[in-house]
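# coords below, sequence missing:
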């Protein structure tokens, strides 16, 4: 049995950031992932400006693996198209394998230990310690952080309920890339019922996918149809789409005695856009602060992390979820002008640029979607 202070399960952006932050604070931490790096992962790979602000120091490195930047987004629905200028610094589009490998390297440089290519079999949280068993070793520590994705084995091991999640299907296409798809982010609101399709240009290839809130949609054949509609008939015959859950709906319970869940394991993907890297980074920072404080006061209960995250992100998540359900059920809703002369469609560039639904919607609509401003989400 290997003794450590903190075991982090999952080496994506959230897990790597937790390991880096704890190691920099002088805490002994081991970062575990079942895959070797750089492993590929189905993901649009969009780093929005608000996520870029959290990675400001890393992005300053000349080795940061950005593929391209885009500053315009084309939104299409019902035969109409509108192009929005996102502005600077734009959205970074990158390969998830490269980003994750870069961030894991940063965790190692900070002093974190890593065990890659070894899956976790069992997680037990006891009164005085946690144990994490992999195929190669058993770790005993003071805390465990679950950063292991939508199907988190840490969450399951601690008895936290799963539930049904929306799904997406995606594929990398190219080279070559057709000229009409090589510059802008494209979001197609007619690509699939109850959701949307996307095209993200990444220099030498495209990330193309569809996602839906409906569990009845057969996503693989729909993605092939979408590729053909984009003029990518040859690619449609060659690619093998990957279907994966989209972890929406923020778990009720995010932490407790000796454990915390971050990123996709906490189901922090944006309910409207499906973007998950920002939620992973933001929750990782909160988990680091919670563990440092727990060690300082000698109390291993991390329940305060859950309350803090719900207080900061819960209201926004509920509002975005309500808008997503309404808009994707009736895409025409996105084009309509409501009292106050705003459209849901017009909010998206600001959200991508780092804004929030709470800061953009009329107060009366927010109250109808979520409840009065005084609603206290800290009860969670």
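Here it is on my side, so go on. Since this is a predicted model, take the numbers as computed values, not measurements.

# longest helix in this protein, please.
Identified as the longest helix of the chain according to DSSP state H is helix 277-297.

# list the contacts of the helix or strand that it is followed by.
Helices and strands here follow DSSP states H and E; after helix 277-297, the next one along the chain is helix 303-309. For helix 303-309, the external contacting residues (Cβ atoms under 8 Å, 6 or more residues apart in numbering) are 253-257, 260, 266, 283, 286-287, 290, 293, 378, 380. For every residue, glycine as well, the C-beta is placed using N, CA and C.

# which one of those is nearest to residue 132?
The nearest member of the contacts of helix 303-309 to residue 132, counting by Cβ to Cβ, is residue 260 at 13.8 Å.

# neighbours of that closest one, how many?
32 (other Cβ atoms under 10 Å).

# in the sheet, who's paired with it?
When assigned by DSSP bridges, residue 260 has beta-bridge partners residue 145, residue 255.

# wasn't residue 106 part of a helix?
Yes - with DSSP: H, G, I helix; E, B strand; the rest coil as the criterion, residue 106 is part of a helix.

# so which of the contacts of helix 303-309 is the most crowded?
Most crowded among those, counting by other Cβ under 10 Å, is residue 287 at 34 neighbours.

# ok, the spatially closest residue to it that is not a sequence neighbour to residue 307 distance?
Counting by Cβ to Cβ, 6 or more residues apart in numbering, the nearest residue to residue 287 once its immediate chain neighbours are dropped is residue 260, at 4.6 Å. Here the criterion is Cβ to Cβ, to the nearest Å. By it, residue 260 lies 12 Å from residue 307.

# what about residue 121, which helix or strand?
strand 120-125.

# same check, this time on residue 192
Using DSSP H and E, no helix or strand contains residue 192.

# now do residue 73
Residue 73 belongs to strand 72-77, assigned by DSSP H and E.

# which strands and helices sit next to that strand?
Packing contacts for strand 72-77, counted by 3 or more Cβ pairs under 8 Å, 6 or more residues apart in numbering; DSSP states H and E, involve strand 80-85, strand 185-188, helix 344-352.

# closest to residue 15 out of those?
If we rank these by Cβ to Cβ, the stretch that ends up nearest is helix 344-352, at 24.6 Å.

# can you give me the strands for the stretch 1-150 of the chain?
Counting by DSSP state E, counting those that start in this stretch, the stretch 1-150 of the chain has strands at residues 2-3, 6-9, 29-33, 46-47, 66-70, 72-77, 80-85, 91-94, 113-116, 120-125, 130-134, 138-141, 143-146.

# and the contacts of the fourth one?
Residues external to strand 46-47 that are found in contact with it (Cβ under 8 Å, 6+ apart): 55, 66, 91-94, 99, 185, 200, 275, 277.

# so how far is residue 247 from the residue nearest the centre of the chain?
With distances taken as Cα atoms, centre = their mean, the residue of the chain nearest its centroid is residue 276 (1.3 Å). According to Cβ to Cβ, residue 276 and residue 247 sit 7 Å apart.

# re the thing from before, from the contacts of helix 303-309, which is closest to residue 84?
residue 283 (28.1 Å).

# do I have it right that the closest one meets residue 12?
No - using Cβ atoms under 8 Å, residue 283 makes no contact with residue 12, being 11.8 Å away.

# what touches both of these two?
Joint contacts of residue 283 and residue 12 (Cβ under 8 Å, 6+ apart) are residue 263.

# circling back to that earlier point, so which of the contacts of strand 46-47 is the most crowded?
Within those, most neighbours by other Cβ under 10 Å means residue 277, with 30 neighbours.

# what distance do you get for the closest residue to residue 186 other than its chain neighbours to residue 46?
Leaving aside its chain neighbours, residue 186 sits nearest to residue 199 (4.0 Å; criterion: Cβ to Cβ, 6+ apart). As judged by Cβ to Cβ, residue 199 and residue 46 stand 12 Å apart.

# quick check: neighbours shared by those two?
residue 185.

# next, residue 248: phi, psi?
Backbone torsions for residue 248, taken as degrees, to the nearest 10, come to phi -100, psi 160.

# how about the contacts made by it?
Contacts of residue 248 (Cβ under 8 Å, 6+ apart): 165-166, 267, 269, 271, 274, 321.

# kindly recompute the last result at 7 Å.
For residue 248, the contacting residues are 165-166, 267, 269, 271, by Cβ atoms under 7 Å, 6 or more residues apart in numbering.

# could you do residue 135 as well?
Here residue 135 is in contact with 118-119, 121 (Cβ under 7 Å, 6+ apart).

# relative to residue 33, which of the contacts of strand 46-47 is nearest.
Set against residue 33, the nearest of these by Cβ to Cβ is residue 99 (13.9 Å).
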